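A.B. asks: turn this into a structure:
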Amino acid sequence: MSISCAPTAIAEPTAAPRRVLVIHNPTAGRHKRKRLQDVIDRLERLGAAVVCRETRMRGDAEDFAALASPDTCDAVVAAGGDGTVNEVLNGLGRGPGGVALGVIPLGTANVLACEIGLDPKDCDQIARTIAFGHARHVHVGVANRRRFLLMAGAGLDAHVVAGVNIALKRRTGKLAYVVESLKQAVGYDFPVLGIRADGVEYEGRMVVACKGRFYGGPFVAAPDASLEAPKLDVCILPNSGIGGVVRYGLALPMGRLSELPEVQVVSARSILITGPRGAPVQGDGDIVARLPAEISVGDDTVELICPD
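C.D. replies: The predicted model follows:
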């Protein structure tokens, strides 16, 4: 099948392969388009019915997902990065329900793929997961009425997400975030953020409310976080300046961030973050809200297709 994309159809994971609507973000790059085509070819060989729709502008993925109906498809699959997954997730929240969420990881960090154990380069694993994989019942976070699956945060990381050079990101991947982090660390004033977590007051210079364990790729920020649990693991980082950025930047890839003595990790159902009004809040690697931000997790759920 060629990638000349339109709406979808699917079935139950048990015996029959699913009917799948793939929503593809074409900014992923040519070599990743080849990977997408490989996954689609494998899905069709497994007997899955596949329809692909290609986004042309921001918001398309959300609109396409909102139109997905369980009468015509079993799963909507986001083919792109974590931002594309976030758009699809929000579209499913507007739709009729009963449609599962899947992913073909084609992005820079692919944090969701790390979280569920999906190898971005293993096209066979990806195709088999989408066609037959188990659907996990996961609780969704909400930041100022915008859904997120993995994390939402304010402070330096949100400013980095807001300011990263998209052209550089497409050429260099994660290096673009390192460059922007260093730029922001020099010019950013690290204002104090107020955090009220289930009624308890905290302060920090950066805060990330985690639904999953991973942050920025294969780096564990909140080791006890769980997609299935109706709770947030809130990481509160108090240090500012280039020293704090370097300290946290070294601890994260070593899996030591939550072990630093000044870092607090608290569990909560809801938090309120206050700080400079209008400052950005990132969710799943895209800007999804502005301060002040109410972030919570409750009964809102999605069926997330995962490897067995």
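A.B. asks: identify the residues contacting stretch 291-302?
C.D. replies: Where contact means Cβ atoms under 8 Å, 6 or more residues apart in numbering, the residues beyond stretch 291-302 that reach it are 89, 92-93, 100-101, 137-144, 147, 149, 152, 154, 193, 209, 211, 230-232, 269-281. Where you see a C-beta, it was placed from the backbone N, CA and C, and this is true even at glycine.
A.B. asks: out of the residues you listed, which sit inside strands?
C.D. replies: Of the positions in those, 100-101, 137-143, 147, 152, 154, 193, 209, 232, 270-274, 280-281 sit in strands, assigned by DSSP state E.
A.B. asks: what about Ile236, distance to Arg256?
C.D. replies: Separation of Ile236 from Arg256 (Cβ to Cβ, to the nearest Å): 16 Å.
A.B. asks: mind listing what's buried in the strand of greatest length in the chain?
C.D. replies: Ordering each strand of the chain by length in residues (DSSP E) puts strand 293-306 first. For strand 293-306, burial by neighbour count (16 or more other Cβ atoms under 10 Å) applies to 293, 295-297, 302-306.
A.B. asks: please enumerate the strands of the stretch 1-150 of the chain.
C.D. replies: 19-24, 49-54, 75-80, 100-105, 134-143, 146-148 (DSSP state E, counting those that start in this stretch).
A.B. asks: wait, which of those is closest to Tyr202?
C.D. replies: When the strands of the stretch 1-150 of the chain are compared for distance to Tyr202 using Cβ to Cβ, the nearest one is strand 134-143, at 17.5 Å.
A.B. asks: show residues contacting the closest one.
C.D. replies: Against strand 134-143 from outside (Cβ under 8 Å, 6+ apart): 13, 89, 93, 100, 116, 147-149, 151-152, 209, 211, 227-232, 281, 283, 288-289, 293-306, 308.
A.B. asks: which strands and helices lie in contact with the helix ranked longest in the chain?
C.D. replies: As assigned by DSSP state H, the longest helix anywhere in the chain is helix 30-45. Helix 30-45 sits against strand 19-24, strand 49-54, strand 100-105, helix 123-132, with contacts defined as 3 or more Cβ pairs under 8 Å, 6 or more residues apart in numbering; DSSP states H and E.
A.B. asks: would TSV of the ones you listed with mean neighbour count and distance to Val246 be doable?
C.D. replies: Below are the helices and strands packed on helix 30-45 laid out as TSV (neighbours: other Cβ atoms under 10 Å; distance: least, Cβ to Cβ, whole Å):
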stretch	mean neighbour count	distance to Val246
strand 19-24	26	38
strand 49-54	21	41
strand 100-105	27	29
helix 123-132	22	36
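A.B. asks: re the thing from before, and of the strands of the stretch 1-150 of the chain, who's closest to Ser240?
C.D. replies: strand 134-143 (23.1 Å).
A.B. asks: would you mark the buried spots in that closest one?
C.D. replies: Buried-residue list, strand 134-143, by 16+ other Cβ under 10 Å: 135-136, 138-143.
A.B. asks: likewise for stretch 83-97?
C.D. replies: Quick answer for stretch 83-97 (16+ other Cβ under 10 Å): 83-93, 95.
A.B. asks: same question for stretch 33-46.
C.D. replies: 33, 35-36, 39-40, 42-44, 46.
A.B. asks: can you show me the CA trace of it as PDB?
C.D. replies: Below are the C-alpha coordinates for stretch 33-46, written out as PDB (Å, rounded to 0.1, in the frame of the first residue of the first chain):
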ATOM      1  CA  ARG A  33       8.700   7.500   6.000                       C
ATOM      2  CA  LYS A  34      10.400   4.300   4.800                       C
ATOM      3  CA  ARG A  35      10.100   2.800   8.300                       C
ATOM      4  CA  LEU A  36       6.400   3.800   8.300                       C
ATOM      5  CA  GLN A  37       5.800   2.100   5.000                       C
ATOM      6  CA  ASP A  38       7.600  -1.000   6.300                       C
ATOM      7  CA  VAL A  39       5.300  -1.200   9.300                       C
ATOM      8  CA  ILE A  40       2.200  -0.700   7.100                       C
ATOM      9  CA  ASP A  41       3.300  -3.500   4.700                       C
ATOM     10  CA  ARG A  42       3.800  -5.800   7.700                       C
ATOM     11  CA  LEU A  43       0.400  -4.900   9.200                       C
ATOM     12  CA  GLU A  44      -1.300  -5.800   5.900                       C
ATOM     13  CA  ARG A  45       0.600  -9.100   5.700                       C
ATOM     14  CA  LEU A  46      -0.700  -9.800   9.200                       C
END
